[in-house]
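[1] have a look; sequence and predicted model below, questions after that.
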Amino acid sequence: MAVPVTPSSSGGGEIRPLTGSRTAPVVIQSLKKKRCAKCRRGPLSLLVMEDGVPRCLDCADLGHLVFLPRGDTALTRRAREESSLSVVVVRFNRRKSRYERQGVLVEEAGLARAEERCLADAEARRRRRARDAQRRAVEDARFAEAFAAEILRLFPGCPPERARAIAAHASLRGSGRVGRTAGGRALTEGAVTSAVLAAVRHVDTPYDQLLMSGVPRYEARRRIAAAVESVLREWREERLDSVG
C-alpha cells in the first residue's frame, strides 16, 4: 500500500495524511544510517520523523510496541483491534518515489490476543473442512451407487463389480469426467452410456496399445469399434439364470 508523501533528496520525506484525515503517527524503515536527534542512538532501523528530525522509537514513546510484518490481513486487523496504540510502518521505494506499507507496530499483548483469535478461527475452519469433506464423501458414495444402478439397468449383463468400477471412475469429484457433467449428475442415458463405452474401450480392447504405437485416435477407434459394440450388445442382454 502506498502512503502519500513529499519525498526528500535523502529518501526521508515528509509523510502527509490524506486530505481530511486525522494525523496519525507513522514509523519509517530507514534506508540510510540515521541517528536519533535526541539520544543519538543509531543507526536506526525504525524511526519517527518529528519536527523534521529523526527520533528512535523509545524517544517517540513507541519502544514498547512490536513489529508485525504485512502479509496476514486478518492477523493485522485483529492485532490493531486488540491494541490501544498501533502505528503503520512504511519504507521509501526509490523507483516509485513513494512510501509503501511494510507492516504495523502493535502492543505485544494485543498481538498475542489476535493470534489466539486467528488460531481459533483456523481450528473452526479445519473442523468445517472436515465436516464438508465427510459430507461430500457420503454424497459421492450415494451418487456412485446410483450411477452403478443405472448402468445395470441399461446394461443388465454387465458384471456388478464392473458397473461399480465404471461408476466410481466416471463420477470421481474434480475429474471432469462424464459422471461430473450435468448429464452425468442427472443420470441421463446418454451420459451413462458414454461412461460405459469409454470403460469398455480402454479395458476390453487394445485401444490404449494402438494409441501408444502411434495410431491416430480416430483410426484406433475405428479398429476397435466392432469389439466395443460386441461387449455392449452382450451387456444389454438380460442375464439368464443358470440351471443346475
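    Perfect, thanks for sending it.

[2] what packs against the helix ranked longest in the chain?
    Taking DSSP state H as the criterion, the chain has its longest helix at helix 108-154. For helix 108-154, the elements it packs on are strand 65-69, helix 73-82, helix 160-170, helix 189-203, judged by 3 or more CB pairs under 8 Å, 6 or more residues apart in numbering; DSSP states H and E. For every residue, glycine as well, the C-beta is placed using N, CA and C.

[3] the same query, at a cut-off of 10 Å, please.
    strand 65-69, helix 73-82, strand 98-107, helix 160-170, helix 182-185, helix 189-203, helix 217-236 (3 or more CB pairs under 10 Å, 6 or more residues apart in numbering; DSSP states H and E).

[4] what about the ones you listed, which gets the closest to S45?
    Between S45 and the helices and strands packed on helix 108-154, the tightest spacing by CB to CB is seen for strand 65-69, at 9.6 Å.

[5] buried stuff in that closest one?
    If you call a residue buried by 16 or more other CB atoms under 10 Å, then strand 65-69 has these buried ones: L65, F67, L68.

[6] what about this protein, any weak spots by pLDDT?
    In the predicted model, the chain carries pLDDT under 70 at residues 1-24, 238-244.

[7] kindly recompute the last result at 50.
    1-22, 240-244 (pLDDT under 50).

[8] got the contact list for R77?
    V104, A114, C118 (CB atoms under 10 Å, 6 or more residues apart in numbering).

[9] now S171
    Neighbouring residues of S171 by CB under 10 Å, 6+ apart: 140-141, 143-148, 177-180, 184-185, 195.

[10] can you give me the distance of it to V228?
    21 Å (CB to CB, to the nearest Å).

[11] kindly report the same for A79.
    Per CB to CB, A79 is found 64 Å from V228.

[12] who's more crowded, those two?
    A79 (27 against 18; other CB atoms under 10 Å).

[13] ok, back up a step: distance from the chain centre to the longest helix of the chain, please.
    Relative to its chain's centre, helix 108-154 lies at 14 Å (CA atoms, centre = their mean, to the nearest Å).

[14] what angle separates it from strand 98-107?
    100 degrees (axes from the mean of the first three to the mean of the last three CA atoms, to 10 degrees).

[15] which residues touch stretch 215-229?
    Outside stretch 215-229, the residues within contact range by CB under 10 Å, 6+ apart are 196-198, 200-202, 204-214.

[16] one more: stretch 33-43?
    Identification of contacts with stretch 33-43 by CB under 10 Å, 6+ apart yields 10, 12, 28, 30, 32, 44-45, 47-60.
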